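K.L.:
sequence isn't available, so here's the structure alone:
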């Protein structure tokens, strides 16, 4: 559409915007009686007047031009004297991409053009050229190349690789499941290699997401769209200052941003490692753990939430890969991988270990086929490998296997503020509840002895009792708990059964559970077993000297509990 047309739209819009609703219609009917096309554009702008008022007049017209411009206007046009535009490919937040053919070379290229509304912003051409210069400087097989910048009238285009394939986002949607390890590793290693090449030049992508990762039919990965990338100012890995006069504004895709990018402009290459960690989590778990319905909700999750273990939704995930991903997703950049080069070495190590395992089984299988002697030797060796360690470490293995199979693998906070809720008896008998109260106090006291040597704080049982705290929500509100231990005691004939569990006080979700049984005639056997189970649930280790010290300090509690129970004759009630 011609400049004269938009000049008339601009003039008519601002004339009409100054009138009331009745006056607008009269003005448009009279002034644009013979220009229904101009009137249609003006009426559309007036319908979105609340948004238009926030923009400068020139920007309003640019936005309008974009709204009503047909991509087909460029189809068939020759740009820069050598690129004939064949078709429209994609539309992003700040640019649109076209497929074009080089007239002389007969090769396909992708032409990226800034959105028309950007023309009203000062320096937009300089910024676009800087983006192209950054991308052109990155020469790596896993990065989409930029070859040239051409201008055509008011338009400016970046000439890029045309990549035939699909985005990682499209592949995820098509699969409808998580990636297997063999599918994941080749893509992951190429993605990290691309970022390592960019980071060597101090260029941070800042918009790593599945839609900016292209996959070719041959399996090659291409990282695309360095549109909001920034070049850092020095070679220091800790310097997060932008180079020159570059000014950081909040940009990118909220559900894939690093916490430091959301909270401030202080960031470095490790921001890309966090974003790629979200992509890897999505590939292995099948979903983005931070994605929410709104921008605010997504960014809040990134800053505050720890994703659930990948193994909860994908039981086949390689444990080493899961640990790698969670290190990438550390909120504190100092706890992530220092460089993408270090990360790619970790991924290669996983790849090599899997290859060695495959080679071992292939060689073993061939050996079995070729020699009976080898079969006998291999069988004997395998028996020794399996049986001997089991025999030597049988006690330790038994302890490892003690947690029940229903235990939920979930993340327990590193710093634990614990409240032990009063254990409950299923029978509403005041005398039997005395036993439950005594058991609660005894377990609380034993755990309290660990607070000096671990990341554990335990609320006193007396304080829990005085505040009448009964639920995880109350424990969090009144005492600042982030984890809660609770349990219920069941009686059946001469047997007592205790079901106890660890709860996340923030979400009220059960993290770990266990059940133990003992004869009612010896109810004190429960104390140590619950204490040991609580240690496993809280992921705490007790040094060899500590159990003896705790036993001495717990003598008073045990004696008091025995005295109370003998007075109440609990054992006789269960018989």
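P.N.:
Happy to help now that I have it. Worth saying up front: this structure is predicted, and the values here are computed from it rather than measured. Numbers count the residues shown, from 1 in each chain.
K.L.:
and residue 109, what element?
P.N.:
When secondary structure is defined by DSSP states H and E, residue 109 falls within strand 108-114.
K.L.:
what are the pairing partners of that strand, and which direction each?
P.N.:
Strand 108-114 has these partner strands in its sheet, going by DSSP bridges: strand 95-102 (antiparallel), strand 155-161 (antiparallel).
K.L.:
could I get the average pLDDT for the helix or strand just after the last one?
P.N.:
Stepping forward along the backbone from strand 155-161, the first helix or strand reached (DSSP H and E) is strand 165-167. Regarding strand 165-167, the rounded mean pLDDT is 90.
K.L.:
and strand 165-167, which residues are buried?
P.N.:
165, 167 (16 or more other Cβ atoms under 10 Å). Using the backbone N, CA and C atoms, a C-beta is placed for each residue, glycine as well.
K.L.:
residues touching that strand, excluding its own?
P.N.:
When contacts are defined by Cβ atoms under 8 Å, 6 or more residues apart in numbering, strand 165-167 is touched by residues 174, 210, 211, 212, 213, 214, 215, 216, 217, 222.
K.L.:
change it to 6 Å
P.N.:
Residues outside strand 165-167 that contact it (Cβ atoms under 6 Å, 6 or more residues apart in numbering): 211, 214, 215, 216, 217.
K.L.:
what lines up beside that strand in the sheet?
P.N.:
In the sheet containing strand 165-167, the strands it pairs with under DSSP bridges are strand 213-216 (antiparallel).
K.L.:
and the strand it pairs with, how far out from the chain middle?
P.N.:
If you compare the mean C-alpha spot of strand 213-216 with that of the full chain, they lie 21 Å apart, counting by Cα atoms, centre = their mean, to the nearest Å.
K.L.:
poorly predicted segments of the stretch 51-200 of the chain, please.
P.N.:
Counting by pLDDT under 70, the stretch 51-200 of the chain contains low-confidence ranges at 51-72, 92-93, 117, 119-120.
K.L.:
re earlier: which of the contacts of strand 165-167 has the largest number of neighbours?
P.N.:
Top of the contacts of strand 165-167 by neighbour number is residue 214, holding 22 neighbours under the definition other Cβ atoms under 10 Å.
K.L.:
and the pLDDT at residue 418?
P.N.:
92.
K.L.:
and for it, the neighbour number?
P.N.:
Counted with other Cβ under 10 Å, the neighbours of residue 418 add up to 25.
K.L.:
which residues does it form beta bridges with?
P.N.:
Residue 418 has the following beta-bridge partners by DSSP bridges: residue 458, residue 483.
K.L.:
I'd guessed it sits against residue 483; true?
P.N.:
Yes: A contact is recorded between residue 418 and residue 483 when judged using Cβ atoms under 6 Å, the distance being 5.4 Å.
K.L.:
quick one: mean pLDDT over stretch 279-289.
P.N.:
Average pLDDT, stretch 279-289: 95.
K.L.:
for stretch 531-551, that is, sorry about that
P.N.:
Stretch 531-551 carries an average pLDDT of 70.
K.L.:
show me what contacts the closest residue in space to residue 328 that isn't next to it in sequence?
P.N.:
Take residue 328 and drop its neighbours on the chain: the residue closest to it by Cβ to Cβ, 6 or more residues apart in numbering is residue 277, 3.0 Å away. Contact analysis of residue 277 by Cβ under 6 Å, 6+ apart lists 325, 328, 329.
K.L.:
ok, the residues you listed vs residue 424, which is closest?
P.N.:
When the contacts of residue 277 are compared for distance to residue 424, the smallest value, 37.6 Å, is given by residue 329; criterion: Cβ to Cβ.
K.L.:
mind jotting down where the strands sit in the stretch 1-150 of the chain?
P.N.:
Using DSSP state E, counting those that start in this stretch, the strands assigned to the stretch 1-150 of the chain run over residues 78-79, 83-91, 95-102, 108-114, 146-152.
K.L.:
what packs against the first one?
P.N.:
In terms of contacts (3 or more Cβ pairs under 6 Å, 6 or more residues apart in numbering; DSSP states H and E), strand 78-79 is packed against no helix or strand at all.
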